[in-house]
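Chemist: Fold the following, please.
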Amino acid sequence: MKKIILIIICFSFISCSAQMKLNKSKEIDILINTPWKFGENNNIHYTIKNKSNKTYVVDPYGFSGDSYWLFNNEKLNPIDRSRGYYTRHTDEDCKGDLIIIKPKHKIDIALSLNYSEKGIYDLSKPGKYIWNIKSNHSKKNDMPLTCKSYIITLEKKGYIMLEDSIVAKIPFIR
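Modeler: All right, here's what the predicted structure looks like:
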């Protein structure tokens, strides 16, 4: 009986989370630990896992599409819009930004799953949030196009630009 009580107490202090696959690719996994817990640092990190024998190129700003936030199952409206933008001018800028993921490797990194989303949301209230995302990653999207010549150089070396999509409802809690 004491062992059962001890096991129950131990499990009550363990924080459970699972990894959620966000993308459709069979060779590359983009994963997040869920539910993601907002804290002092709200930078969300994802795990990119290359399960293939190929080297892939991922633009951390290369996802574009539609997204919105739900708070306690109600859609949130943005409180403001981002007025700035990020651009790259040279291959050196691209070399510093683009993620090269070698075969059978994984990395933890920050990504923008919808670079075209310019809304700023109030995510400060305690409760359950869901980020509903539908986006695509392609070398034809606006941000990867700024690195076109560098991406062509990488493709000549045998690297493959990720062509993928995300359709996900990511749970967050505060």
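
Chemist: quick one: the closest residue to S124 other than its chain neighbours from L70, how far?
Modeler: In this structure, S124 finds its nearest non-sequential neighbour in R174, 7.2 Å apart by C-beta to C-beta, 6 or more residues apart in numbering. All C-beta spots, glycine's among them, are computed from the backbone N, C-alpha and C. Using C-beta to C-beta, to the nearest Å, one gets 13 Å for the distance from R174 to L70.

Chemist: Common neighbours of the two, please.
Modeler: Overlap of the contact sets of R174 and L70 (by C-beta atoms under 8 Å, 6 or more residues apart in numbering) consists of Y129.

Chemist: if we can go back for a sec, and the gap between the residue nearest to S124 and S112?
Modeler: In this structure, R174 lies at 21 Å from S112, with C-beta to C-beta as the measure.

Chemist: what do you get for P126?
Modeler: Relative to S112, and taking C-beta to C-beta, P126 is found at 26 Å.

Chemist: got any ranges where this protein has weak pLDDT?
Modeler: Residues of the chain meeting the criterion pLDDT under 70: 1-17, 40-42, 84-85.

Chemist: just the strands in it please.
Modeler: Counting by DSSP state E, the segments of the chain that form strands are 18-21, 28-34, 36-37, 45-50, 56-58, 63-71, 74-75, 80-81, 99-101, 106-110, 119-120, 128-137, 160-161, 164-173.

Chemist: deepest of these, which one?
Modeler: Among the strands of the chain, ranked by average contacts under mean count of other C-beta atoms under 10 Å, first place goes to strand 56-58 (a mean of 22).

Chemist: and that strand, what other elements does it pack with?
Modeler: Under the contact criterion of 3 or more C-beta pairs under 8 Å, 6 or more residues apart in numbering; DSSP states H and E, the helices and strands touching strand 56-58 comprise strand 99-101, strand 160-161.

Chemist: how about those in TSV, adding distance to L154?
Modeler: Putting these into TSV (distance: least, C-beta to C-beta, whole Å) gives the following:
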stretch	distance to L154
strand 99-101	8
strand 160-161	8
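
Chemist: quick revisit: between P126 and S112, who's got more neighbours?
Modeler: In terms of neighbours (other C-beta atoms under 10 Å), S112 is the more surrounded of P126 and S112; the figures are 17 against 7.

Chemist: just checking, that one touches V58?
Modeler: No: using C-beta atoms under 8 Å, S112 is not in contact with V58; the gap is 11.3 Å.

Chemist: what's around the residue nearest to S124, how many residues?
Modeler: Around R174 sit 15 other residues, with neighbours defined as other C-beta under 10 Å.
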